[in-house]
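>>> heads up, no residue letters with this:
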């Protein structure tokens with residue numbers, strides 16, 4: 001019998017000790033186990049994601065009831081306390097007694113029986129007093145208060161408030177939205193209407209996308225790779241904001257396209273659809289491990305006009321000229337915190353400047369690959385102006401042969417998609 005809480009504990013320990021990203025740790029754990037009941041999979045996902053989503057808030061509450069502060073606890077005990085507290089505070093379907101008892105079992109089963117009384121005492125104290133938990137001190141609009149309320153580092157709250165003074169609360173709240181999965185229909189194999197009907201017949205909830213005519217939004221499914229049509233290449237997972245960027249690039253049959261930072265291949269395969277079997281795409285990435293993801297997606301979706309290679313986008317390739325260059329660059333990821341909760345904890349303020357330097361190095365190279373009359377598509381999955389609008393302004397001032405044709409910023413919590421930015425730059 002599968003012990004769902006033990007799987008969640010392994011996920012959290014993987015994140016804690018190996019610094020694995022939460023979405024990768026969850027996906028890895030789920031793929032290792034076979035579930036007869038999809039409710040087990042849903043419970044594991046909800047608890048693991050929930051703990052990561054509310055990490056700062058959970059630690060604030062646990063510290064009110066524990067003589068030993070969370071950061072001083074052993075990693076396994078820290079993870080068990082967070083799991084137990086999350087179930088007590090956020091999962092109404094789990095009785096408080098079960099949350100406490102199962103947490104004690106976990107501690108004993110992992111060789112920490114001597115600390116079972118401590119874990120039991122802290123969690124039962126939280127359960128008894130959950131309606132009287134002290135709030136953070138200070139003004140309710142202060143970054144200190146909002147940091148705990150929304151489980152977001154204080155420096156990041158301050159930055160969002162500075163960058164988006166009228167929208168920052170909506171943006172922060174948008175990181176907690178429970179959104180459907182956005183998929184892009186592979187229209188070279190099936191129409192959007194046909195795929196929608198097929199998925200509906202299988203009991204999957206399906207809606208049309210909000211921004212792109214290749215998009216469907218799905219929910220009430222078990223595992224994405226088991227969704228009908230996935231293995232046949234009828235669709236791939238991609239946020240609508242990213243689809244909009246590729247559409248804006250104006251790719252047409254016969255074009256030669258270069259995708260500089262292509263893994264896992266969403267934009268490469270989206271571009272391939274617009275080529276309609278004519279033209280070619282050179283898909284590159286610096287990580288050899290990630291090239292396998294591109295190959296897998298290109299093969300599954302059935303595109304034979306894509307070449308894949310390992311390349312550092314800061315290094316120049318001589319005599320390379322393309323109709324469209326896609327520069328979807330490494331960034332802070334502030335637009336996808338809702339899907340990768342631990343980004344907000346791992347990112348440090350001083351990293352933002354380093355990312356801007358890297359992005360400008362790549363853009364310096366990317367401009368060399370654009371033919372006269374060609375297009376450079378610059379995009380990121382962040383909402384940090386330094387990495388977006390400021391980079392484009394810098395680029396246009398430095399390279400007068402380019403002009404801005406289109407610019408778009410999506411904000412999570414404001415728009416119905418990830419936070420995302422793109423700029424279409426035309427070479428005269």
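Yep, that arrived. A quick note: this is a predicted structure, and the numbers were derived from the prediction, not measured. Residues are numbered from 1 along each chain as shown.
>>> which residues touch the least confident helix or strand in the chain by mean pLDDT?
Ranked by mean pLDDT, DSSP states H and E, the weakest helix or strand in the chain is helix 22-32, scoring a mean of 90. Around helix 22-32, the neighbours that count as contacts under C-beta atoms under 8 Å, 6 or more residues apart in numbering are 7, 10-12, 14-15, 20, 41, 44-45, 48-49, 52, 223, 339-342. The C-beta positions use only the backbone N, C-alpha and C, and glycine is treated the same way.
>>> now do the helices in the stretch 301-428 of the chain.
343-346, 349-366, 389-398 (DSSP state H, counting those that start in this stretch).
>>> tell me which of those sits most buried.
helix 343-346 (a mean of 18; mean count of other C-beta atoms under 10 Å).
>>> restricted to strands, list the contacts of helix 22-32.
When DSSP state E is applied, those are split such that none fall in strands.
>>> of the residues you listed, keep whichever come out buried.
Neighbour-count burial (16 or more other C-beta atoms under 10 Å) applied to the contacts of helix 22-32 gives 7, 10-12, 14-15, 20, 41, 44-45, 48-49, 52, 339-342.
>>> for the host helix or strand of residue 216, enumerate the helices and strands it packs against.
According to DSSP states H and E, residue 216 maps onto strand 215-219. Counting contacts by 3 or more C-beta pairs under 8 Å, 6 or more residues apart in numbering; DSSP states H and E, strand 215-219 is packed against strand 181-185, helix 192-201, strand 205-208.
>>> let me have these in a markdown table, extended by mean neighbour count and mean pLDDT.
A markdown table is the format used below for the helices and strands packed on strand 215-219 (neighbours: other C-beta atoms under 10 Å; pLDDT from 0 to 100):
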| stretch | mean neighbour count | mean pLDDT |
| --- | --- | --- |
| strand 181-185 | 23 | 98 |
| helix 192-201 | 16 | 98 |
| strand 205-208 | 14 | 98 |
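>>> go through those and name the closest to residue 246.
Closest to residue 246 of the helices and strands packed on strand 215-219 is strand 181-185 (C-beta to C-beta; 9.3 Å).
>>> paired strands for that closest one, with orientation please.
strand 215-219 (antiparallel), strand 235-237 (antiparallel) (DSSP bridges).
>>> pull out the buried positions in the first one.
Residues of strand 215-219 classed as buried by neighbour count (16+ other C-beta under 10 Å): 215, 216, 217, 218.
>>> can you map out the strands along this structure?
Going by DSSP E, the chain shows strands at 181-185, 205-208, 215-219, 235-237, 256-259, 280-285, 306-310, 322-328, 370-380, 402-410, 420-427.
>>> redo the ones you listed as TSV? Include distance to residue 168.
As requested, the strands of the chain are exported to TSV (distance: least, C-beta to C-beta, whole Å):
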stretch	distance to residue 168
strand 181-185	24
strand 205-208	28
strand 215-219	26
strand 235-237	28
strand 256-259	33
strand 280-285	33
strand 306-310	39
strand 322-328	25
strand 370-380	19
strand 402-410	14
strand 420-427	17
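>>> residue 32: neighbouring residues, count only.
Neighbour count of residue 32, defined by other C-beta atoms under 10 Å: 9.
>>> just residue 112 next, same as before
Neighbours of residue 112 (other C-beta under 10 Å): 16.
>>> list the residues that contact it.
Applying C-beta under 8 Å, 6+ apart, the residues contacting residue 112 are 74, 76, 77.
>>> how near is residue 210 to residue 244?
10 Å (C-beta to C-beta, to the nearest Å).
>>> more neighbours, those two?
When residue 210 and residue 244 are compared for neighbours, residue 244 comes out ahead with 19 against 12, by other C-beta under 10 Å.
>>> ok, the more buried one touching residue 408?
Yes. Using C-beta atoms under 8 Å, residue 244 is in contact with residue 408, at 6.8 Å.
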